[in-house]
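Colleague: Here's a sequence, model it:
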Amino acid sequence: METRVRSHKRLVLGLVCGLAILTFAGRQSILPTATHAQPPSFGELGGLGEGLSPFGPLGGFGSEQATHEATFTITEGRLEGVISVEMTVIPGWHTFSLTQGDGALPSELSLGKSADYELAGEFTSQPGPDLHAEFGNILEMHRGTVVFSAPLRISEGVDPEQLEIQVEYNGQVCTDTIEGSDVGQCVPLSATLTATFASYEKADVAAAKLEGGKRTLVHQPLSAKTLAVFVAFGLMGGLILNLMPCVLPVVGLKILSFAEQAGHARGRVLALNLWFSAGLIAVFMVLATLAAALQMSWGEQFTHGWFKLSLICVVFAMALSFLGVWEIPLPGFVGTGKANDLQAKEGPAGAFFKGVFTTILATPCSGPFLGPVFAYTATQPALVTYLIFGSVGVGMASPYIAVGLQPKLVKMLPKPGAWMETFKQFMAFVLLATVVFLFTTIKNVEFLPTLATLFGIWFACWMIGRIEFTATRNQKLRGWAMALCAAVLIGGGSFRLLGEHEAVLPWTDYSSDSLASAQEEGKTVMVDFTAQWCLTCKMNYYWTIDTDDVLDVVEELDVVPMLADWTDRSEEIKSKLLELNSNSIPLLAIYPANRPDEPIILRDVISKKTLIDALREAGPSTGTAAKVTSEEQRRTASSSRSSAAGRGL
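Modeller: Predicted coordinates:
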């Protein structure tokens, strides 16, 4: 027995050491590097001169490898135009685009500071860059001549024909190859230019210059040997992906199903593991379609807020299921509970969904070999993309297929028993930890509404869990419908009340000085006393006060809306509340222009009709300052509007 234990320990230690070596090797293979691989059709450049080495970047500024010329044009009848920098790189060399990411230095252009001119937008390039996948990065290259252009604005009274504009260029030029090697050598490049007036031109000509050139994806020649290497990398990367932190919660789920399969017929075990693998690979095929059709990279779906919110909700609901709050209606999905009393075996639907969910959770993670693999697909035809993504899926599914082919491997696990319930509940906390991680991927302003949405899902799952197992189908459908409606209402209301909100009215921040100033100018002023911790205040704000109907009246009467935010203690606001014979909020005070000492007070819950009637009773602003238009008022208050929107009031 001791010999077998020592043997198992050595096996585990060996696996851990092997994984560490593979992880280190994989990380080394995808680190950005100053040198980069050679696309086969780029040609060669030998005799690069003294000091060139394939082992590091050169000193100097690369002035012999590229030339620059800067000019600007002015649009007829306007104080605007286009500044252009024409860059020509000698044959055998290339530079990088304005938007180059990891793997090389991007081209950067800036203007010297002057009161005579300023940039009015971003630089674009014509033609667009060629895209090449090298060392796990997408390199955006320019060869030959490229023109960088940007919109320009000059100050009134400046003579463009006498104007000189200072331009600073910083970037990098690289060789296509070094003689006898398949890598290129990179040189930093800097240049200070003086742009001079070229001509006047029509607006449509100027607009055409500012249109960015088309980005061209360069497909590397398809090599059977290279393809075989990347397929092998995909298989290994997919296998290792099972050990990534993102996937471990669902792998634990699969361990439960393995334990349940012990002693079952070999055909059934194989079928269930094939269903799991099919669900896993199906998601990889969907990702391959997105990569081939939409150029969507691995994990890019996590850049969409709706996807992250959906995943947070699903993982949280799964954790509640593991804790017994409710049962996922897929046979054997969790492994215990009411459904398990009548149908203890895992079903095809449960196995398939586990595979789908495993892959979805894996997408925020990458691992050894996968960086170069996914970058390689960016420059290959759709068929190769499907093959590579499929190889990663097969690699990830291989342990489960192996168990299906050799059910004896399941015997290494303990026999089904009470430990499974404990393990399942432990995995619930692992899933909840995953929810915490997913919270780090969303915007700060979405934290509170997302948390409130999870409360709604918790309530809905509790309602579902209360449905009797013996209930009729109609009773179950009714219970599910009520639970889903509750979750949607709580979630939608949470984002409506607690989420990021663009203010409708042109709010300004309240202070006693700003109120006095507006009253001196003959303004009717509306002050909303509110706070983040006041739920009734927020209901008034969202559904009554900060609405289009009220905005129409505010603009018509030229009312100045002010926000008195009492979220954090303010003696100034408290003093004003006491002056209005109130020591609580919500409270809305309207100060008429012609009788500022007789404010109209609205307390507690306010209806839209009551507010509009009170505004009309207060009347319009008076005095010379009242001639300022609502649009001007809106512009002067824009910074305060942004502040109010950021506070979510």
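Colleague: Backbone torsions only: list them for L405.
Modeller: phi -80, psi -30 (degrees, to the nearest 10).
Colleague: so the nearest residue to R466 once chain neighbours are set aside, which of the three states?
Modeller: What sits nearest to R466 in space, not counting adjacent residues and going by CB to CB, 6 or more residues apart in numbering, is G479, at 7.5 Å. For glycine as for every other residue, the C-beta is placed from the backbone atoms N, C-alpha and C. Reduced to three states with DSSP: H, G, I helix; E, B strand; the rest coil, the structure at G479 is helix.
Colleague: Name every strand pairing with the helix or strand containing I601 and say which way it goes.
Modeller: When elements are assigned from DSSP states H and E, I601 belongs to strand 600-603. Looking at strand 600-603 with DSSP bridges, its partner strands are strand 587-591 (antiparallel).
Colleague: Please compute how far the strand it pairs with lies from its chain's middle.
Modeller: On the basis of CA atoms, centre = their mean, to the nearest Å, strand 587-591 sits 41 Å off its chain's mean C-alpha point.
Colleague: Now it: average pLDDT?
Modeller: Averaged across strand 587-591, pLDDT comes to 93.
Colleague: Also stretch 99-108?
Modeller: 82.
Colleague: Show me what counts as buried in that stretch.
Modeller: By 16 or more other CB atoms under 10 Å, the buried positions in stretch 99-108 come out as Q100, G103, A104, L105, S107.
Colleague: As JSON lines, these with secondary structure and distance to E140 would be great.
Modeller: Output for the buried residues of stretch 99-108, formatted as JSON lines (DSSP: H, G, I helix; E, B strand; the rest coil; distance: CB to CB, whole Å):
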{"residue": "Q100", "secondary structure": "coil", "distance to E140": "5"}
{"residue": "G103", "secondary structure": "coil", "distance to E140": "9"}
{"residue": "A104", "secondary structure": "coil", "distance to E140": "8"}
{"residue": "L105", "secondary structure": "coil", "distance to E140": "11"}
{"residue": "S107", "secondary structure": "coil", "distance to E140": "9"}
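Colleague: Determine which two of those are furthest apart.
Modeller: G103 and S107 (14.0 Å; CB to CB).
Colleague: Tell me, please, where in the stretch 201-350 of the chain the pLDDT is lower than the cut-off.
Modeller: 215-223, 244-264, 294-303, 328-346 (pLDDT under 70).
Colleague: Around the residue nearest to R466, how many other residues sit close by?
Modeller: Counted with other CB atoms under 10 Å, residues neighbouring G479 total 17.
Colleague: What of the one 3 residues further on?
Modeller: Counted by other CB under 10 Å, the residues lying close to M482 total 14.
Colleague: Would you verify that it is located in a helix?
Modeller: Yes: counting by three-state DSSP, one finds M482 located in a helix.
Colleague: need the contact list for it.
Modeller: Residues counted as contacts of M482 (CB atoms under 8 Å, 6 or more residues apart in numbering) are M463.
Colleague: go on, N170?
Modeller: Listed by CB under 8 Å, 6+ apart, the contact set of N170 reads L105, S107, E108, P188, L189, S190.
Colleague: now these in JSON lines, with distance to F284?
Modeller: Formatted as JSON lines, those follow (distance: CB to CB, whole Å):
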{"residue": "L105", "distance to F284": "34"}
{"residue": "S107", "distance to F284": "36"}
{"residue": "E108", "distance to F284": "38"}
{"residue": "P188", "distance to F284": "40"}
{"residue": "L189", "distance to F284": "41"}
{"residue": "S190", "distance to F284": "45"}
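Colleague: and which of those is nearest I165?
Modeller: Once CB to CB is applied, the member of the contacts of N170 that ends up nearest I165 is E108, at 16.4 Å.
Colleague: Would you confirm that the closest one contacts Y169?
Modeller: Yes: contact criterion CB atoms under 8 Å: E108 and Y169 qualify, at 7.2 Å.
Colleague: now, which of the contacts of N170 sits nearest C534?
Modeller: Among those, and counting by CB to CB, the member closest to C534 is E108, at 48.2 Å.
Colleague: Not counting sequence-adjacent ones, nearest residue to the closest one?
Modeller: Of all residues not flanking E108 in the chain, N170 sits nearest, at 4.7 Å (CB to CB, 6+ apart).
Colleague: Next one, pLDDT for that neighbour please.
Modeller: pLDDT, N170: 91.
Colleague: Quick one: classify it as helix, strand or coil.
Modeller: strand.
Colleague: Use 196 as the first number for this chain going forward.
Modeller: Yep, numbering from 196; the last one is N365 now.
Colleague: So which helix or strand of this structure has the lowest pLDDT on average?
Modeller: helix 533-537 (a mean of 39; mean pLDDT, DSSP states H and E).
Colleague: following that helix, which helix or strand comes up?
Modeller: Sequence-wise, the next helix or strand beyond helix 533-537 is helix 543-557, with elements assigned using DSSP H and E.
Colleague: List just the nearest of the contacts of N365 to Q714.
Modeller: Using CB to CB, these come closest to Q714 at E303, 51.2 Å.
Colleague: What values do phi and psi take at the closest one?
Modeller: E303 adopts backbone torsions of phi -130, psi 130, taken as degrees, to the nearest 10.
Colleague: Enumerate every residue touching it.
Modeller: Contact analysis of E303 by CB under 8 Å, 6+ apart lists L293, Y364, N365, G366.
Colleague: Which members of the residues you listed are classed as buried?
Modeller: Restricting the contacts of E303 to buried positions leaves L293, Y364, G366, with burial counted as 16+ other CB under 10 Å.
Colleague: Adding distance to N735, write those residues out as TSV.
Modeller: Compiled in TSV, the buried ones among the contacts of E303 are given as follows (distance: CB to CB, whole Å):
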residue	distance to N735
L293	48
Y364	55
G366	55
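Colleague: Next, the angle strand 782-786 makes with the stretch of helix or strand A711 belongs to.
Modeller: Element membership for A711, per DSSP H and E: helix 707-715. Going by axes from the mean of the first three to the mean of the last three CA atoms, to 10 degrees, helix 707-715 is angled at 40 degrees with respect to strand 782-786.
Colleague: Now do the same for the nearest residue to T262 once chain neighbours are set aside: helix, strand or coil?
Modeller: Distances taken as CB to CB, 6+ apart put T283 closest to T262, at 5.1 Å, once the chain neighbours are dropped. Secondary structure, three-state DSSP: T283 is strand.
Colleague: Please give me every residue in contact with E259.
Modeller: Contacts for E259 (CB under 8 Å, 6+ apart) come out as I285.
Colleague: Would you map the helices across the stretch 646-795 of the chain?
Modeller: Secondary structure of the stretch 646-795 of the chain (DSSP state H, counting those that start in this stretch): helices at 668-693, 707-715, 730-735, 743-752, 766-774.
Colleague: quick check, nearest of the contacts of N365 to S706?
Modeller: Comparing the contacts of N365 against S706 with CB to CB places E303 closest, at 42.8 Å.
Colleague: any idea how far A386 is from the closest one?
Modeller: Distance of E303 to A386, given as CB to CB, to the nearest Å: 11 Å.
Colleague: what do these two both touch?
Modeller: Common contacts of E303 and A386 (CB under 8 Å, 6+ apart): Y364.
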